[in-house]
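Visitor: The following block contains a protein sequence and its predicted model.
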Amino acid sequence: MAAMVAMLASCGVKPTASTAMRATRVMLTTAEALDASDTVWITGYNPELGAWSGRGVAMQRSESHEWRAEFQTKDSAMAFKFTLGSWAKEARLAAGRPFGDVAGYRGMDTAFHALAFSAAQRLNDGQVTGLLMERLTPPDPKGRFPQRPMWVWTSAPLVPGQKYDLLLLSDGQNCFDPVKTSFGVDWAVDEALAQLEAAGEIPPTLAIGLQCSFDADNQRRKEYGPGAVGDAYAEYLTQTLLPWVESEFNLSGRRYFAGSSMGGIFGFRLMHGYPDLWDGILSFSPALFIESGGLVVDGLSPWKAKNYFWPQGKRAYFYNGGVGLDAALQPGIDRMLEQLRAQGFKLGTDYQWKLDSKANHDEYAWRQHFPDAYRWVVNGSSY
């Protein structure tokens with residue numbers, strides 16, 4: 001099942017000190033009355049919710065079409081689904097993506113409606129707009145990282161003599177084509193860039209999405225995050241991949257990077273670690289600091305070791321949602337924003353910050369904010 005901590009949810013209530021120790025209350029209504037032998041289960045990534053086993057917290061039938069549960073979790077953020085005890089009978093919800101994970105907070109009191117129970121069906125949301133070509137990343141001369149797919153996008157065939165801005169994106173499988181994604185929803189970067197180009201709001205752009213690692217032992221997190229592996233991957237990207245891209249295509253010299261979650265912290269690290277290479281970054285739901293459910297990521301201490309260096313004359317866009325995992329990420333983002341303010345960087349000029357309190361940690365949310373974010377990073381206006 002999904003290992004991501006948060007997908008689409010029906011609840012956007014932000015936790016407060018008063019909700020921190022309260023029980024979570026969930027109600028589920030069903031389109032049809034279930035058999036007397038059926039039990040609805042809440043199952044999720046939290047240990048108290050069964051760690052995606054298909055069973056976790058048993059709900060109690062309160063009426064023929066109504067089920068309720070009250071439970072406690074150690075973590076403040078949670079992601080879960082409803083089943084009848086196995087993944088062959090998963091709830092198809094009326095709100096959000098039918099088989100998407102539900103995200104929420106400890107202490108929330110919310111309700112959902114199940115249309116039916118069945119094995120999950122993949123539903124692709126979107127299409128490819130423009131020209132998309134799949135290639136392999138250049139070999140790593142030091143042999144640290146294998147060649148992986150990357151997707152090269154332009155709105156139209158390349159025009160001889162035309163120079164293109166460059167946008168690199170992490171988790172490239174989730175950027176352009178919903179068929180390639182993990183959950184059937186992409187960032188719709190292709191639609192956004194095509195519309196911005198057509199409106200004359202950005203120059204012609206060549207976008208490249210870099211597939212992340214799917215290797216075991218948290219390799220993706222290691223490559224995008226702080227540490228020796230992350231430093232090596234940043235070196236590969238800046239000293240091998242980027243020069244190769246610039247030798248293959250006629251580029252303007254303006255370079256941007258966009259990423260989310262661990263990819264968001266990677267963009268943050270590229271900006272303060274290789275400032276001369278980038279004109280701007282887009283950092284969505286960056287995992288700058290988090291301690292939750294056994295997950296520990298600290299991207300702020302390495303920044304502190306560099307005396308919180310941040311380059312002048314660059315644009316950085318930061319975004320976070322307010323539901324599920326994003327709630328756990330917010331304290332780290334707050335610390336980063338406070339440090340930028342303390343150094344005199346100006347909101348709206350040097351950096352932009354957007355909080356969508358009802359949004360989840362997923363591609364659908366990032367898709368909504370990408371067009372305005374990229375427009376602002378490129379030209380500093382129309383935000």
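Guide: In hand now; what should we look at?
Visitor: Contacts for stretch 142-153, please.
Guide: 130-140, 172-173, 175-177, 180, 189-190, 193, 206-211, 213, 223, 232-233, 236 (CB atoms under 8 Å, 6 or more residues apart in numbering). For every residue, glycine as well, the C-beta is placed using N, CA and C.
Visitor: And those residues, which of them are buried?
Guide: The neighbour-count test (16 or more other CB atoms under 10 Å) marks 130, 132, 137-138, 140, 172-173, 175-177, 180, 189-190, 193, 206-211, 213, 223, 232-233, 236 as buried among the contacts of stretch 142-153.
Visitor: Just give the strands next to the helix or strand where residue 165 lies in its sheet, each with its orientation.
Guide: Secondary structure from DSSP states H and E places residue 165 in strand 164-169. When sheet partners are counted by DSSP bridges, strand 164-169 sits next to strand 205-210 (parallel), strand 251-260 (parallel).
Visitor: Which one, of those strands, ends up nearest to residue 41?
Guide: When the strands paired with strand 164-169 are compared by CB to CB, strand 251-260 sits nearest residue 41, at 30.1 Å.
Visitor: Only the buried residues of that closest one, if you could.
Guide: 251, 254, 255, 256, 257, 258, 259, 260.
Visitor: Next, the angle strand 251-260 makes with the following helix or strand past it.
Guide: Next in sequence after strand 251-260, counting helices and strands by DSSP H and E, comes helix 262-273. Helix 262-273 runs at 130 degrees relative to strand 251-260, counting by axes from the mean of the first three to the mean of the last three CA atoms, to 10 degrees.
Visitor: elements contacting the next helix or strand after helix 262-273?
Guide: Per DSSP H and E, the first helix or strand lying C-terminal to helix 262-273 is strand 280-284. Contacts defined by 3 or more CB pairs under 8 Å, 6 or more residues apart in numbering; DSSP states H and E place strand 280-284 against strand 251-260, helix 262-273, strand 315-321, helix 363-379.
Visitor: after the third one, next one along is what?
Guide: Of the helices and strands lying after strand 315-321 in sequence (DSSP H and E), the nearest is helix 325-342.
Visitor: how far does that next one sit from the chain's center?
Guide: With CA atoms, centre = their mean, to the nearest Å as the basis, helix 325-342 stands 16 Å off its chain's centre.
Visitor: Could you find the residue nearest the spatial middle of the chain?
Guide: residue 260 (4.1 Å; CA atoms, centre = their mean).
Visitor: Could you measure from that one over to residue 128?
Guide: As defined by CB to CB, to the nearest Å, residue 260 lies at a distance of 20 Å from residue 128.
Visitor: which residues does the nearest residue to residue 189 once chain neighbours are set aside contact?
Guide: Closest residue to residue 189 apart from its sequence neighbours, by CB to CB, 6 or more residues apart in numbering: residue 175 at 4.6 Å. For residue 175, the contact set (CB under 8 Å, 6+ apart) comprises 151, 169, 186, 187, 189, 190, 207, 209.
Visitor: Send me the strand or helix carrying residue 42 as PDB with only the CA atoms.
Guide: Per DSSP H and E, residue 42 falls inside strand 41-44. C-alpha atoms of strand 41-44 as PDB (Å, rounded to 0.1, in the frame of the first residue of the first chain):
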ATOM      1  CA  TRP A  41     -11.700  -0.900   9.600                       C
ATOM      2  CA  ILE A  42      -9.500   2.200   9.600                       C
ATOM      3  CA  THR A  43      -6.100   1.200   8.400                       C
ATOM      4  CA  GLY A  44      -3.100   3.600   7.900                       C
END
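Visitor: Show me where the stretch 1-150 of the chain dips below the pLDDT cut-off.
Guide: Low-confidence regions of the stretch 1-150 of the chain, defined by pLDDT under 70, span residues 1-21, 96.
Visitor: Which parts of it are strands?
Guide: For the stretch 1-150 of the chain, applying DSSP state E, counting those that start in this stretch gives strands covering 24-30, 41-44, 57-58, 60-63, 66-71, 77-83, 90-93, 102-105, 109-118, 131-136, 149-154.
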